[in-house]
Structures are given as C-alpha cells and as structure tokens.
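Student: Quick check, what structure comes out for this input:
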Amino acid sequence: MPILTNAFPTLLGLVLAFLVLAWVSRRVSLHVQTLAYYATRSIDLATVVLFLLLLPGIILHEGAHWLTARLLGLKTGKFRVWPKPQGKQIRMGSVSVQRGNLWQDSLVGLAPLLIGSLLLVWISQRVFFAYAISSAFLQGQWLQGLQTFRTALSEPDGILWTYLLFAIGNAMMPSASDREPLRPLSLYVIFSALIYVVVGLPMGPLASALDWLLPIVQDLTSAFVFTILLDGVILLVLYLLTALIAPRASST
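Tutor: All right, here's what the predicted structure looks like:
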C-alpha cells in the first residue's frame, strides 16, 4: 500500500533523530561535568552543577514515573531528586515503584520519554515553529534553516523556553533501569508484527493507523531536530570553554 511505503522514510527519520538526540544529550552531560570539574576541581561539585542545570527535567522525569505508576494502580514509595552514585553511573533521582506486569513496567519506564517528548513538541512547535526549520533542512536550504533557528531563539521569553527545552530534552532519556522491561516488550512487538505479516492479516487497519500517526511523527521529528540543533550550539560553546579552561587548570 502507498501509505506503508511513504511511512517508512518518516518513521526512519524519527528513529535517526531520536538516536542522534540521545547521543548529543550524553555528550552535553559529559562536557558540562568536564567543564565544571576543570572550574571546581571537584567531581562531586561537577555532578551537582549538572544536576542543577537539568533540575526541571529531572523533576519531570521522576514525576512522570510516579504519576504513571499511580495511574496504573502500582504502589509508589520513596521519591528522591538528588544525585547518587550507582555503580559506574550517577542517578540524578529515583522513585520506588511496585513491580507490575510487562506492559505496566514498560509504560512506567517509558513515561519520562513519552511525556518529555510531548512537551518538546508543544514548546518547539508553539513557541519556536520547529517544523519550518526541519522543512528547510529537508529541502537542503541550510542557511534558511539556520536563520529560522536563530530567529526562533529570539522570540519573547525565548531564553526561558530554550532553557526548559534543553532541561527536558536532556533529562528525559530512559536510564538503564527504565530500559530493562523494554527488551522483552520489543521482542514481543517484533514477533507480533512478523506473525501479522506472515499470516497475511488485512493491512487496511494498519494503513489507517499510520495515516493518523504520521503527522504526529513529523511533529515529533521536528521537535527532536530543533533540540539537536540547540544541543549542538551548547555543545560547541562547551567545547570552546573547555579548551580555554583546560590548559589553565592543568598548569595549577
């Protein structure tokens, strides 16, 4: 069906945008901590700097876990928002949640990403008109896209919205514990899709669902692209500041 063929590039674009955003987000966090360490010479203070910088997003992340668990009828316990070492990683917060079935655990684990993505779409589309930027890039109009991006950041209250976009976009990624129930769920979904195709079930309902879903996917991809651009600018600034401070920190 044409809708299935047309949907593939759109869905692939969303996956690629998400993977790039996840990678850039990790790089931003790493370089914030590196810069803070050079400035303070303290690993603990560097962690606190990153925590404070992403605080709105961290509160949203843990709050999404808590709210989703409560809506699904799962008991919740201790709610903590503060950095704490855990093995080789540092957790910025945590919520104790009763274990449920596979679907419940998966929804609780994905809640920060789902709610964070919805907020990214709302902010980037309503405040910054991100769709115009991503459309310009897709058409190869790079200069126009960058100009639109620069203009978007100068919108009224642009600094506040930019900060919220940054904090949410870089704190919504699932942690290792969040991703744990997603492995069996992914296998289940892939197996179900193969059965659907092999058995030859009607493709009409799937095509209708994709027809409804594609505009949402496009908005989400645009939001991810806008956040990637924002992180890219911030990452460049962090690189430059680190290059300036590192030699002085090494000489002291």
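Student: Packing partners of whichever helix in the chain runs longest?
Tutor: Within the chain, and with DSSP state H defining each element, the longest helix by residue count is helix 204-251. On a contact count with 3 or more CB pairs under 8 Å, 6 or more residues apart in numbering; DSSP states H and E, helix 204-251 meets helix 2-40, helix 102-126, helix 130-138, helix 142-153, helix 158-169. The C-beta positions use only the backbone N, C-alpha and C, and glycine is treated the same way.
Student: what do you get if the cut-off is 10 Å, keeping everything else the same?
Tutor: Here helix 204-251 touches helix 2-40, helix 102-126, helix 130-138, helix 142-153, helix 158-169, helix 182-199, going by 3 or more CB pairs under 10 Å, 6 or more residues apart in numbering; DSSP states H and E.
Student: what angle sits between the second one and helix 142-153?
Tutor: In other words, helix 102-126. Going by axes from the mean of the first three to the mean of the last three CA atoms, to 10 degrees, helix 102-126 is angled at 90 degrees with respect to helix 142-153.
Student: Any buried residues in helix 102-126, and which?
Tutor: 104-113, 115-117, 119-121, 123-125 (16 or more other CB atoms under 10 Å).
Student: And stretch 69-83, by the same measure?
Tutor: Under the neighbour-count criterion of 16+ other CB under 10 Å, stretch 69-83 has Ala69, Leu72, Leu74, Thr76, Pro83 buried.
Student: same question for that stretch, mean pLDDT?
Tutor: Taken as a whole, stretch 69-83 carries a mean pLDDT of 89.
Student: Check stretch 38-50 too.
Tutor: Stretch 38-50 comes out with an average pLDDT of 90.
Student: Tell me which two in the buried residues of stretch 69-83 are the farthest apart.
Tutor: Comparing every pair within these by CB to CB identifies Leu72 and Pro83 as the most remote, at 27.5 Å.
Student: Need the buried residues of stretch 69-83 in JSON lines (columns: distance to Val20).
Tutor: Supplementary listing: these in JSON lines, determined by distance: CB to CB, whole Å:
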{"residue": "Ala69", "distance to Val20": "30"}
{"residue": "Leu72", "distance to Val20": "31"}
{"residue": "Leu74", "distance to Val20": "33"}
{"residue": "Thr76", "distance to Val20": "33"}
{"residue": "Pro83", "distance to Val20": "26"}
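Student: Val95 sits in which helix or strand?
Tutor: Using DSSP states H and E, Val95 sits within strand 89-97.
Student: now that strand and helix 2-40, what's the angle there?
Tutor: In terms of direction (the same axes, to 10 degrees), strand 89-97 departs from helix 2-40 by 120 degrees.
Student: Paired strands for strand 89-97, with orientation please.
Tutor: Note on strand 89-97: by DSSP bridges, its sheet partners are strand 76-86 (antiparallel).
Student: which residues touch the partner strand?
Tutor: By CB atoms under 10 Å, 6 or more residues apart in numbering, the surrounding residues in contact with strand 76-86 are 43-44, 47-48, 50-52, 55, 58-59, 61-63, 65-70, 90-98, 108, 175-177.
Student: Name only those of those that count as buried.
Tutor: Applying 16+ other CB under 10 Å to these, the neighbour count classes 47-48, 50-51, 58-59, 61-63, 65-69, 90-95, 97, 108, 175 as buried.
Student: where does Ala171 fall, phi/psi-wise?
Tutor: Note on Ala171: backbone dihedrals following degrees, to the nearest 10 are phi -120, psi 0.
Student: I'd say it and Leu52 touch.
Tutor: No - counting by CB atoms under 10 Å, Ala171 sits too far from Leu52 to count as a contact (11.9 Å).
Student: what residues are shared contacts of these two?
Tutor: In contact with both Ala171 and Leu52: Ile58, using CB under 10 Å, 6+ apart.
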